[in-house]
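Engineer: Here is the input, now give the coordinates:
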Amino acid sequence: MRRRSRRRGGRQRTDDRLTALLVAGALAAVLAVAVVNWLLAYWWVLVAVGALAVLAGGGWLCRKRRSARWEAVRAQGLRYGLSQLDALHHSRFEDAVRELMNRDGCRNAVRVGGGGDLGADVKATDPYGRRWVIQCKHRRNGLAGAAVGTPDLQVLNGTARQVHGADIAVIVTNARVTAPAVAFAEQQRLHVVDRGILGAWASGSRPLWELLRAVPPPRGPTAPS
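Structural biologist: Model (predicted):
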């Protein structure tokens, strides 16, 4: 008796499921027919919505293109005076360095400075395929601020190539760099952009690699056009 009751219970559940599926299918069919009938009666609504979508998409695309063209023009004409750079917050100084690298043709220039940056504030790949890792040292008082010393260069030297894969490791500052730090940089094949070089780079139009000595040769076989 128990087995028969179990079988009957199982069949009842199966029948209930089939009934529920049939009801759901019928409702879906009725709904589909209603939607089709509505669309046939009000086809012009679809046309209007489609036209609005096309207009909205076209407007968005035009705005995006204008924005891209303006950004390209702005980047080409980007200039900073040293007094402007001195007045920046240190994080905004890093942004400025990133923007200058972008101006020079490094389309993937990115600011990565912050806690745990391991000596890299800006990373970029130049048009010749060389990987740049830049550490920024901003001084609010500019030339009168604390000089960049050897310990700052040691941090860059310890991480730029080993951790970040740099081809060119650079420290950029709006202040002074001590003579021992400059000597250390030369020994370790690091590049120093002091206040003088920074001023020429930021206010001019020449890319940074044309202002530095002994940068590695291009990775690619030809120069970018």
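Engineer: Would you map the strands across this protein?
Structural biologist: Using DSSP state E, the strands of the chain run over residues 110-111, 122-125, 131-137, 168-173, 191-193.
Engineer: all helices in the chain, in order from the N-terminus.
Structural biologist: With DSSP state H as the criterion, the chain has helices at 2-41, 43-76, 82-86, 90-103, 150-159, 179-187, 195-203.
Engineer: Turn the ones you listed into JSON lines, including distance to P217.
Structural biologist: Bear in mind the C-beta positions are built from the backbone N, C-alpha and C, glycine included. Output for the helices of the chain, formatted as JSON lines (distance: least, C-beta to C-beta, whole Å):
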{"stretch": "helix 2-41", "distance to P217": "65"}
{"stretch": "helix 43-76", "distance to P217": "26"}
{"stretch": "helix 82-86", "distance to P217": "30"}
{"stretch": "helix 90-103", "distance to P217": "19"}
{"stretch": "helix 150-159", "distance to P217": "21"}
{"stretch": "helix 179-187", "distance to P217": "19"}
{"stretch": "helix 195-203", "distance to P217": "21"}
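Engineer: Comparing these, which yields the minimum mean pLDDT?
Structural biologist: Within the helices of the chain, confidence is poorest for helix 43-76, with a mean of 68 (mean pLDDT).
Engineer: Nearest residue to L212 in space, please, no chain neighbours.
Structural biologist: Using C-beta to C-beta, 6 or more residues apart in numbering and skipping residues adjacent in sequence, the residue nearest L212 is H191, 5.1 Å away.
Engineer: check contacts around the one you found.
Structural biologist: Contacts for H191 (C-beta atoms under 8 Å, 6 or more residues apart in numbering) come out as I168, A169, V170, I171, A185, L212, V215.
Engineer: Relative to L100, how far out is the fifth one?
Structural biologist: For A185, the distance to L100 under the criterion C-beta to C-beta, to the nearest Å works out to 20 Å.
Engineer: picking that back up, which of the helices of the chain is buried the deepest?
Structural biologist: Sort those by mean neighbour count, taking mean count of other C-beta atoms under 10 Å, and helix 90-103 sits at the top with a mean of 20.
Engineer: contacts for that one?
Structural biologist: 75-76, 78, 80, 85, 88, 109-111, 113, 121-122, 124, 126, 132, 134, 136, 138, 172, 174, 201-202, 208.
Engineer: can you state the direction angle for it and strand 168-173?
Structural biologist: 130 degrees (axes from the mean of the first three to the mean of the last three C-alpha atoms, to 10 degrees).
Engineer: domain parsing for the chain?
Structural biologist: Per automatic domain parsing, the structural domains of the chain span 2-75, 82-210.
Engineer: Quick one: residues contacting I197.
Structural biologist: With C-beta under 8 Å, 6+ apart, I197 has these contacts: L211, L212.
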